[in-house]
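S.K.: Turn this into a structure:
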Amino acid sequence: MKAQREANVVAFLAEVSARAGARPALIAGERVVSFAELWERVRRTGAGLRAAGLAPGERVVLMVPMSIELYVCLLAVLSIGAVGVFVDPWIGRRQIAAFSVFAEPAAWIGIGKSHALRVLEPALRRIRLTVTTGSRFARWPARVTLRELERAPASGELAPVTDDDPALVTFTTGSSGTPKGANRTHGFLAAQHEALAAEFPYRDDDVDMPMFPVFALNNLATGIPSVIPDIDFAHVAEADAGGLLSAMRARGVTTATASPPFFDRLIEHVAAGRAPAPDLRRILTGGAPVSDRQLAAWKRALPDTEIVVVYGSTEAEPIAHVTAEERLAASGARPGFCAGRPSARVRTRLVRIADGPIALGSDGWRAWELAPGEPTGIGELVVAGAHVGRDYYRNARAVEENKIRDADGSVWHRMGDTGSFDEHGRFWLVGRVHSTIRRAGQLVHPQLVEQAALGEDAEIARVAAVGVRDARLGERVLVLVESAGGAAVETRVAARLREAALPCDELRVSATALPVDPRHNSKIDYAALRARYSS
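M.R.: Numbering: from 1, shown residues only. Below is the predicted model:
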């Protein structure tokens, strides 16, 4: 256990501000805040929150988009030992309200319009401390402004916490039942920072453009400037590529961390000759599958840039990574997509694919773990380590369904991804547990079907393989192809699937866009497709 003062993750910012105070920390458009200025604002805001009655351990809903204000508020909350609560803004108003109520917050910090959502929910109207990052008139939209909080005399004291104390609760999924909020403790965040710093080291002169809030936090802990991209995070695929590329050049961005649609947008702009390629030494991408076709296009547009695909999840990141060169060189060596070798900071196992909870019996892992050399070698990946989340906020069922407790006390997280390890120790993804198709007593892995159907076909935008209820087979394999190519594309896809000896009970080709996740705009929404075609 770390000493109390050191356990508070905001100590990373305090240390960086002492040695690199004048360096830009966050850049948003024309606005720039240095590490020293950010630390001062965090200290003042934390003191203001204390004076307003916020106590250690109390939860604070943060409805602030990625911005300088987000990090001022978040770090101030953590600095006083309170707990930040994030609810993905793209999940819908009713779910946002339900998740927020479930968190039982003592405070709500948000942009002006977020308070309109708050006042529509009776339980949220009773929150005693409300803060707006904008201006207010009387008590609308909140009792106090961020600017008013920052008038408090700065305090250099960080609240004493332990590694096991909650720092962030992140609600990201769940359409019904008890909300699933990943519990990120101070120890978890510190371990995650150390893992990211070890796996993806920065140079002293790097400037990063991160799309993911956690990577900006890592930059703040490392002392690397972050240029916040000017995008609508709910519609990344529609981002202003020209504006982003201009910002990269103007701010000297050398690295970028974002989802695949973000880079697709930039690459399309560069490939069309509408802007020169950005001078990036490295890009990190993740959060959604990346095809070989995408990586090949990125390499053509950015031949001198190191391109790295990162594998992980909200509860555990990073788990593994692979460079574009290695991924493309390994293509076709075995079924699936190569995710790379797991980090030395995590332990991994493959377990048998199961829909329900996994509880180890007296024989430990023997009944569940796949032995090397088993016929398929495909199972669900489970991981354990210091930067792997151990539980969820007030949700015993989610813990039961997603965690496995070992005899030695270790907590293993079920990634929900299916795949296998090759002879080089690399993990190959073939699908998700919840989208695995049970056809005639056999398991069919969607990504294998999709990969074969797509091939190198430039006329195809996306492919989805979905299990649909069937009286004879249990589930039949429905392959949906997003393409304007019509019958010609259908013929080619059918031939590729026959050649790969993969089942396809029904094949449909349509120019209609397949539904994707609202977070990254790139993961196939299998649940929506099953609901649509099972009715």
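
S.K.: Secondary structure element holding residue 74?
M.R.: Element membership for residue 74 (DSSP states H and E) is helix 68-79.

S.K.: Give the other helices and strands that that helix contacts.
M.R.: On a contact count with 3 or more Cβ pairs under 8 Å, 6 or more residues apart in numbering; DSSP states H and E, helix 68-79 meets strand 24-28, helix 35-51, strand 59-63, strand 83-87, helix 146-149, helix 213-222. Every residue, glycine included, has its C-beta placed from N, CA and C.

S.K.: how far off helix 213-222 does that helix point, in degrees?
M.R.: Computed with axes from the mean of the first three to the mean of the last three Cα atoms, to 10 degrees, the direction of helix 68-79 lies at 70 degrees from that of helix 213-222.

S.K.: average pLDDT for helix 68-79?
M.R.: The average pLDDT within helix 68-79 is 98.

S.K.: Kindly report the same for stretch 219-238.
M.R.: According to the model, stretch 219-238 has a mean pLDDT of 93.

S.K.: and the end-to-end length of that stretch?
M.R.: For stretch 219-238, the first-to-last residue distance is 26 Å (Cα to Cα, to the nearest Å).

S.K.: And stretch 389-406, by the same measure?
M.R.: One end of stretch 389-406 sits 15 Å from the other (Cα to Cα).

S.K.: how far does that stretch sit from the chain's center?
M.R.: From the chain centre to the centre of stretch 389-406 is a distance of 19 Å (Cα atoms, centre = their mean, to the nearest Å).

S.K.: Mind listing what's buried along it?
M.R.: Residues 389, 390, 391, 392, 393, 395, 398, 399, 401, 402, 403, 404 are the ones in stretch 389-406 that count as buried (16 or more other Cβ atoms under 10 Å).

S.K.: of all those residues, which two lie farthest apart?
M.R.: 393 and 404 (19.2 Å; Cβ to Cβ).

S.K.: Go through the helices and strands packed on helix 68-79 and name the closest to residue 431.
M.R.: Closest approach to residue 431 among the helices and strands packed on helix 68-79 (Cβ to Cβ): helix 213-222, 25.3 Å.

S.K.: I would like the C-alpha coordinates for whichever strand or helix holds residue 249, written out in PDB, please.
M.R.: For residue 249, the host element (DSSP H and E) is helix 241-251. Extracted in PDB, the C-alpha atoms of helix 241-251 (Å, rounded to 0.1, in the frame of the first residue of the first chain):
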ATOM      1  CA  ALA A 241     -10.800  16.700 -41.200                       C
ATOM      2  CA  GLY A 242      -9.400  19.900 -42.600                       C
ATOM      3  CA  GLY A 243      -9.800  21.700 -39.300                       C
ATOM      4  CA  LEU A 244      -8.200  18.800 -37.400                       C
ATOM      5  CA  LEU A 245      -5.200  18.700 -39.800                       C
ATOM      6  CA  SER A 246      -4.700  22.400 -39.600                       C
ATOM      7  CA  ALA A 247      -4.700  22.300 -35.800                       C
ATOM      8  CA  MET A 248      -2.200  19.500 -35.900                       C
ATOM      9  CA  ARG A 249       0.200  21.600 -38.000                       C
ATOM     10  CA  ALA A 250      -0.400  24.800 -36.000                       C
ATOM     11  CA  ARG A 251       0.300  23.100 -32.600                       C
END
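
S.K.: contacts for that helix?
M.R.: 27, 207, 209, 225, 227, 229-231, 253, 256, 265-266, 268-270, 274-276, 278-280 (Cβ atoms under 8 Å, 6 or more residues apart in numbering).

S.K.: Please apply the same query to stretch 183-191.
M.R.: Contacts for stretch 183-191 (Cβ under 8 Å, 6+ apart): 2, 7-9, 12, 78, 161-170, 192, 217, 345, 385-393.

S.K.: Filter these down to the buried ones, PyMOL style.
M.R.: To isolate the buried ones among those in PyMOL, judged by 16+ other Cβ under 10 Å, type:
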select buried, resi 7+8+9+12+78+161+163+165+166+167+168+169+170+192+217+345+385+387+388+389+390+391+392+393
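
S.K.: Narrow the contacts of stretch 183-191 to those in helices?
M.R.: Taking DSSP state H, the ones among the contacts of stretch 183-191 that sit in helices are 7, 12, 78, 192, 217.
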